[in-house]
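Peer 1: following is a predicted model, sequence given first.
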Amino acid sequence: MSLIPARFILIALPILVAAALLPLGVSGYILGLLTIAYYFAVFSMAWDLLFGFAGEVNFGPTFLIGLGAYGAGILNNRYGLDIPLCLLAGTALAVIGGLALAVPALKLSGPYFGLVTLVAVLLLQNLIVVFSDLTGGEIGLTVPDVISIDADTNYWIALGFMTVSGLILTAIARSPAGLILQAAGQDPVVAGALGFNVAKHKIAAFAVSAAFSGLAGGLIVFYMGTASVGTLIDTAVGVQIIIAAVLGGRRTIVGGAVGAVFLIAAGELLRPLGSLSTFVVSAAALAVILFVPTGLLGLASFRRAS
Amino acid sequence: MTVAVKPPAAATVRAEPCLTVHGLTKRYGGLVAAKNVDLDLRPGEILGLIGPNGSGKSTVMKLVMGLEKPSAGSIRLDGTEIAGWPAHKVARAGIGLVFQHARPLMRQTVLENIVLALLPDSLLRLAPDSSVTDRARAIAERVGLGAVIDRRPGTLAFADLRRLELAKAIARDPKVVLVDEPFAGLTGPEVATFSALIRGFRDEGKAVLLVDHNVKSVAALVDRVFALYLGERIAEGSAESVMADPTVRRVYLGGSIETAARPEAAFKRESLLTVEGVDVLYGKAQALRGVSIHVHEGEFVSVVGLNGAGKTTLFNAVSNLVPHAGTIRFGGQDLARMTPAAIARAGIVQVPETRELFGDLSVLENLDLGGHHLSKAEAAKERDKLYELFPILKAREGQSARTLSGGEQQMLTIARALMMRPRLLILDEPTLGLAPVILEQLSKALERLRQTTPITVLLGEQNVTFALPHADRVYVLEQANIVWEGPPDRFATEMGAAYL
């Protein structure tokens, strides 16, 4: 039982090499889309650690992303801190904010955890509008520094970040601690009777998920040069992240990446349909969720198991 | 009863108990599930904790494991007070629980399930450890899971799922092992294998607490038996002495019961309800095996059986709530293709053991819902008759059902079912969790019902005291099979020994 299965490397490696070579052949516009898709892939993978393994539905992935993005952005915009310091601080803020939310919320059972996370998004959204001096409010926040102005470099950074995040999250999910986390998610009573502190493991998972979400949120700000409620925090963005993870396959981590790229690519391919395109993409996602609830990757891994 | 070869208990058991329970009490609202329970368990000893459904034995087990918090009392493990600790701390202190219903992780393999039980509660165990995997393999071999080690639990046979639960308990290596209904649903040879595995715990010097319904099933294995009834100890000692105990015999067999059976010949020849060769499978567990019963118009038939024997399943098959093989006819009609709603309209009204009252509605409203197909005048007449039968309901007319006591709720449930004017009333375990004094009131009401109306009743009960007096005929259901049929007055002599 190795942390990263060999079969997985065999499939993922050629795809990643091909993706790394893309800047040689495609336009900057497509690279830009994929760069965004890769950051969303990290959002979805981090979300799947909670939903797929800890068994908790977090309706507020954008709460964590927003803390990371605005935390990093404000420090750069206001105090001119270096980008790495801003990213670090943003990530820390996401983890702290995530824990402040998760520790009390995980004491609630049933659907209440999900509701608390949903309300947290609305709160953050309102705070940003209220403190518009600091945050730029509804207009958005601009940062003076960006990671790079070169589309290729930005693309490679996003691809590399997604790959490393995917590896780390997969390794955690498949580790002994990940097994305990799955036990806590699937049957907390049995996990408790086996001597595992269910709350501790779920809170740790939430912290890890928050760290990756916050870091990705910060990176996306320094890629785009702006942060706004509409692009990073709105509940619609959260829904996209959730759909991507479920579409790609619950409990697979990597499924989140597949789903995120798929959603953004499909949206682009269907752009000629105009406003219908969103509808078609949503309908297709709904169909996959209804008829293949294990998602695209889940389907493949179940074939293998049976 | 087979007497297994075992060393005399006194010789092997050390004097010092490792688990000491004192004055343990648990209240759920008004219901006292465990009352002042005192219990000692020594290393190398197997104690059988027995009692009928609702006696509090599962509650005691959950309190010890930390799955429920006690209302009062102390639980000491090697001198450390653990009462009220959360389950994961209790588990780490050295208590393990083998769940009655296998609860493995369905998406992990057998091996991974055992590995899980071997892991420490650490967030930082990120690297896989091959020594843990090796130990898990060894445990799997020991319990006989070697051949299926890489399969997922969903593909395992029922007995293998139970083996997996034992494997997890072995992996945790607890000082005290709690085993909930060790043999439920197992066949003869499987029972022997499991007994050997449980004896293995004792031979390693662990203390074992077996929780089960009756003495018979665990008699060959236990050193001592502790019998609970309504949350209190009624007997303690060797299996033989507990089986001979008059209180235990009264609880299980109903003591000397006045029966008033009418002979079967007194009823019309053809039966109202005929169940023939009914089989029901729940996944891999056989819940009913070739069950045949019949009920005549106007007859009162009791189906007696312990919890898990298949009573509720039988009733659910009659109401077509579970898929089943075999035929079920009611008044000449085949029920196979009828929906549960159509069967209810045809006159079979089931009172489930869970009662299913509308808690926020008043007594009157609950009754009116039962009689909604009647005209206003008829409903009022029917209601008055029922108020005569259950006077307490009239006094509680405006109260919401949730605020009634358990016994009153049961009466209301039966009354609501009667408002539907059933041709066949099915009562599923109406005595569950009721105090003796309430039982008596309910019993009187049923007797009056039987004598003053032409009603046909099919009663499922494990409480023999309640099931026998009213019955014209009795069936005994044991582990999915009908094992006995006869008049109630022959029950104690013919079935008594087997039922303890």
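Peer 2: Alright, I've got the coordinates.

Peer 1: make it CA atoms for all contacts and neighbour counts henceforth
Peer 2: Noted.

Peer 1: contacting residues around stretch B:417-436?
Peer 2: Applying CA atoms under 8 Å, 6 or more residues apart in numbering or on different chains, the external contacts of stretch B:417-436 come out as B:53-55, B:230, B:311-312, B:315, B:347-353, B:367-368, B:370-371, B:373, B:379, B:382-383, B:386, B:406-407, B:410, B:414, B:439, B:455-463, B:466.

Peer 1: how about 6 Å then?
Peer 2: With CA atoms under 6 Å, 6 or more residues apart in numbering or on different chains as the test, stretch B:417-436 has contacts from B:54, B:347-353, B:370-371, B:456-461.

Peer 1: kindly format the C-alpha coordinates of it as CSV.
Peer 2: This file holds the C-alpha atoms of stretch B:417-436, laid out as CSV (Å, rounded to 0.1, in the frame of the first residue of the first chain):
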residue,chain,number,x,y,z
ALA,B,417,-55.7,1.5,14.5
LEU,B,418,-59.1,0.4,15.7
MET,B,419,-60.6,3.6,14.3
MET,B,420,-59.8,2.2,10.9
ARG,B,421,-62.1,-0.8,11.7
PRO,B,422,-59.6,-3.4,10.7
ARG,B,423,-60.6,-7.0,9.8
LEU,B,424,-57.2,-8.0,11.0
LEU,B,425,-55.3,-6.1,13.6
ILE,B,426,-51.5,-6.8,13.7
LEU,B,427,-49.9,-5.7,17.0
ASP,B,428,-46.1,-5.7,16.8
GLU,B,429,-44.5,-5.9,20.3
PRO,B,430,-46.9,-3.5,22.0
THR,B,431,-45.2,-4.1,25.4
LEU,B,432,-41.9,-2.8,24.4
GLY,B,433,-40.4,-0.6,27.2
LEU,B,434,-43.6,-0.6,29.3
ALA,B,435,-43.7,-0.9,33.0
PRO,B,436,-45.5,-4.0,34.5
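
Peer 1: in strands only, show me the contacts of stretch B:417-436.
Peer 2: B:348, B:349, B:350, B:351, B:456, B:457, B:458, B:459, B:460, B:461 (DSSP state E).

Peer 1: how many other residues sit next to the second one?
Peer 2: So the one you mean is residue B:349. 23 (other CA atoms under 10 Å in any protein chain shown).

Peer 1: do the first one as well
Peer 2: Residue crowding around residue B:348 was assessed by other CA under 10 Å; the count is 25.

Peer 1: who's the nearest residue to it once chain neighbours are set aside bridged to?
Peer 2: Spatial nearest neighbour of residue B:348, excluding adjacent residues (CA to CA, 6 or more residues apart in numbering or on different chains): residue B:424 at 4.9 Å. Following DSSP bridges, residue B:424 is listed with bridge partners residue B:348, residue B:456.

Peer 1: likewise for residue B:229?
Peer 2: Under the criterion used (DSSP bridges), residue B:229 bridges to residue B:232.

Peer 1: hmm, it is touching residue B:55, no?
Peer 2: Yes. If you go by CA atoms under 6 Å, residue B:229 and residue B:55 touch, sitting 4.5 Å apart.

Peer 1: and residue B:477, backbone torsions?
Peer 2: Here is the backbone geometry of residue B:477 (degrees, to the nearest 10): phi -110, psi 120.

Peer 1: quickly list what it is bridged to.
Peer 2: Beta bridges link residue B:477 to residue B:482 when assigned by DSSP bridges.

Peer 1: do I have it right that it meets residue B:305?
Peer 2: Yes. Counting by CA under 6 Å, residue B:305 is a contact partner of residue B:477 at 4.9 Å.

Peer 1: just the pLDDT for residue 242.
Peer 2: Here I'm looking at chain A. What the model reports for residue A:242 is a pLDDT of 92.

Peer 1: try again with chain B
Peer 2: Confidence score, pLDDT, at residue B:242: 90.

Peer 1: would you quantify the distance from it to residue A:64?
Peer 2: Distance from residue B:242 to residue A:64, counting by CA to CA, to the nearest Å: 62 Å.

Peer 1: so these two - more neighbours on which side?
Peer 2: Using other CA under 10 Å, the more surrounded residue of residue B:242 and residue A:64 is residue A:64, with 35 against 21.

Peer 1: now do that one against residue B:373, distance only.
Peer 2: According to CA to CA, residue A:64 stands 56 Å off from residue B:373.

Peer 1: need the distance between the two termini of stretch A:104-123.
Peer 2: 16 Å.

Peer 1: show me what contacts residue A:113?
Peer 2: Neighbours of residue A:113 in contact, by CA under 6 Å, 6+ apart: residue A:105.

Peer 1: I'd like the next helix or strand past the helix or strand containing it.
Peer 2: Assigned by DSSP states H and E, residue A:113 belongs to helix A:112-130. Going down the chain from helix A:112-130, the next helix or strand is helix A:132-135, by DSSP H and E.

Peer 1: packing partners of that next one?
Peer 2: Counting contacts by 3 or more CA pairs under 6 Å, 6 or more residues apart in numbering or on different chains; DSSP states H and E, helix A:132-135 is packed against no other helix or strand.

Peer 1: that one: how far from the chain's middle?
Peer 2: 25 Å (CA atoms, centre = their mean, to the nearest Å).

Peer 1: pull it out as CSV, backbone CA atoms only.
Peer 2: In CSV, the C-alpha atoms belonging to helix A:132-135 read as follows (Å, rounded to 0.1, in the frame of the first residue of the first chain):
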residue,chain,number,x,y,z
SER,A,132,-14.8,48.7,1.4
ASP,A,133,-12.0,51.1,2.4
LEU,A,134,-9.8,48.1,3.1
THR,A,135,-11.2,45.5,0.7
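
Peer 1: any residues touching that helix, and which ones?
Peer 2: Here helix A:132-135 makes contact (CA under 6 Å, 6+ apart) with A:128, A:141.

Peer 1: next structured bit after it?
Peer 2: Scanning onward from helix A:132-135 (DSSP H and E), the first element met is strand A:141-142.

Peer 1: can you list contacts of that next one?
Peer 2: Contacts of strand A:141-142 with the rest of the structure, by CA under 6 Å, 6+ apart, involve A:135, A:225, A:226, A:227.

Peer 1: give me the subset of those residues lying in strands.
Peer 2: Taking DSSP E, the ones among the contacts of strand A:141-142 that sit in strands are A:226, A:227.

Peer 1: buried ones from the contacts of strand A:141-142, can you make that a ChimeraX selection?
Peer 2: Per 16 or more other CA atoms under 10 Å in any protein chain shown, the buried members of those correspond to this ChimeraX selection:
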select /A:135,225,226,227
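
Peer 1: one step back: so the residue nearest to residue B:348 versus residue B:464, what's the distance?
Peer 2: Counting by CA to CA - residue B:424 and residue B:464 are separated by 21 Å.

Peer 1: next: residue B:120.
Peer 2: 47 Å.

Peer 1: ok, those two, which is more surrounded?
Peer 2: Shown here are residue B:120 and residue B:464; by other CA under 10 Å, residue B:464 has more neighbours (24 against 17).

Peer 1: measure that one to residue A:283 for me?
Peer 2: Noted for residue B:464: a distance of 59 Å to residue A:283, by CA to CA.

Peer 1: now residue B:371
Peer 2: The spacing between residue B:371 and residue A:283, counted by CA to CA, is 46 Å.

Peer 1: between those two, which one's more packed in?
Peer 2: Neighbours per residue (other CA under 10 Å) separate residue B:371 from residue A:283, with residue B:371 holding more: 22 against 12.

Peer 1: alright, I will stop here.
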